[in-house]
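Novice: can you look at this prediction? I've put the sequence above it.
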Amino acid sequence: MTLATRCPVCGTAFRVQPAQLAARAGRVRCGKCNGVFDGIAGLVPETAGAAKPRQPEPLAQLPLFEPEAPPLAPPSAGAATGEIAAFGFPADRAGSRSSADRRATEEVPAAGFLAPEPSASARLRTVAWAVASAAALAALAAQALLHFRTEIAVLVPEARAPLAAVCRWLGCELALPRRPELMAIESSDLQADRDTEGVIVLNAVVRNRAPFAQEYPALELALTDERDQPVVRRVLRPEDYLGAAERARVVEGIAPGAEAVLRVRLDASGVRAVGYRLYLFFP
């Protein structure tokens, strides 16, 4: 015996066998909209004058059964050949089963939705941890800013004045960069002073090849003998080889691409030297 059931969602009617309805307690899945409904409650009469329900697709392509429902015992022979009413239910029962099916397909709320509200102490601990973390991050950022203050002042010249003010307040120094590989002695010579015996005069030109200002370097002068061995060394600091005008601007350093011209008189009385070597470095 062939029965007809109608999907309450899309209104599509399908032919079903009583055995198919009994296999999962009447729960079927619509092959068109994929909705799950009570096939028994959705039974419709097939009358001679009524329009024929749509011919169902092959059973393999029409997933009619909800796998979650436990299978029932196969129907008896009498049930398989009985009337449609044998598979029906009263209207109120059918309605209740349809509502249960709809509730079964609704999404279950997440477990967190039912979690209890945090206590006041827990909220206080969370706020305290947040404040402590923010303070730790701020302290770390301040330490990094202080450690790399010279590099920051080079990369962001506008930050030099605020950084200098902070250093004055903290008692630190905002020095200019020291990159000896970007410094070069362009020229130098060492001569005896014609007017004063035992005095030598060092002339040199130091160029800053960096694209930023640098500190004045220190110079090491070594006087050598016939075997090119040093017989005397002397370190000349900026205050030793700069004139009065340059000393007043020593904090400004050597400008990018600029050069410093120096002339130094040195007492070499009693020193027997025939050559010299000159190096620049940052102490």
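Specialist: Looks like it came in fine.
Novice: what ranges of the stretch 1-150 of the chain fall below the confidence cut-off?
Specialist: Across the stretch 1-150 of the chain, the ranges flagged by pLDDT under 70 are 1, 46-117, 147.
Novice: do you have the helices of it handy? List them.
Specialist: Remark: helices assigned in the stretch 1-150 of the chain by DSSP state H, counting those that start in this stretch are 18-23, 77-80, 91-105, 120-147, 149-155.
Novice: again with the stretch 151-283 of the chain
Specialist: So, for the stretch 151-283 of the chain - with DSSP H, counting those that start in this stretch - the helices run 160-170, 238-241, 244-248.
Novice: of those, flag the one that's most buried.
Specialist: Mean neighbours per residue, mean count of other CB atoms under 10 Å, is largest over these for helix 238-241, with a mean of 16. Backbone N, C-alpha and C define where each C-beta goes, glycine included.
Novice: can you list the helices and strands that that helix packs against?
Specialist: Judged by 3 or more CB pairs under 8 Å, 6 or more residues apart in numbering; DSSP states H and E, helix 238-241 is in contact with helix 244-248, strand 259-267.
Novice: output the shortest one as PDB, nothing but the C-alphas.
Specialist: C-alpha atoms of helix 244-248 as PDB (Å, rounded to 0.1, in the frame of the first residue of the first chain):
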ATOM      1  CA  ALA A 244      88.000  77.900  20.900                       C
ATOM      2  CA  ALA A 245      85.100  78.400  18.400                       C
ATOM      3  CA  GLU A 246      84.800  74.700  17.600                       C
ATOM      4  CA  ARG A 247      84.800  73.800  21.300                       C
ATOM      5  CA  ALA A 248      81.700  75.900  21.900                       C
END
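Novice: and it, what's its mean pLDDT?
Specialist: The average pLDDT within helix 244-248 is 79.
Novice: from the contact counts, what lies against it?
Specialist: Here helix 244-248 is seen to pack against helix 238-241 when contacts are counted using 3+ CB pairs under 8 Å, 6+ apart.
Novice: tell me the mean pLDDT for the helix it packs on?
Specialist: For helix 238-241, mean pLDDT rounds to 90.
Novice: try stretch 268-275
Specialist: Averaged over stretch 268-275, pLDDT sits at 86.
Novice: also stretch 212-227?
Specialist: 92.
Novice: please apply the same query to stretch 161-171.
Specialist: For stretch 161-171, the mean pLDDT works out to 78.
Novice: just the CA atoms of that stretch, as PDB, please.
Specialist: Only the C-alpha atoms of stretch 161-171 are listed here, as PDB (Å, rounded to 0.1, in the frame of the first residue of the first chain):
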ATOM      1  CA  ALA A 161      64.700  67.800  21.900                       C
ATOM      2  CA  PRO A 162      62.200  65.800  24.000                       C
ATOM      3  CA  LEU A 163      64.800  63.100  24.600                       C
ATOM      4  CA  ALA A 164      67.300  65.600  25.600                       C
ATOM      5  CA  ALA A 165      64.800  67.100  28.100                       C
ATOM      6  CA  VAL A 166      64.100  63.600  29.500                       C
ATOM      7  CA  CYS A 167      67.800  62.900  29.900                       C
ATOM      8  CA  ARG A 168      68.400  66.200  31.700                       C
ATOM      9  CA  TRP A 169      65.600  65.200  34.100                       C
ATOM     10  CA  LEU A 170      67.000  61.600  34.600                       C
ATOM     11  CA  GLY A 171      70.600  62.700  34.700                       C
END
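Novice: that concludes my questions; thank you for your assistance.
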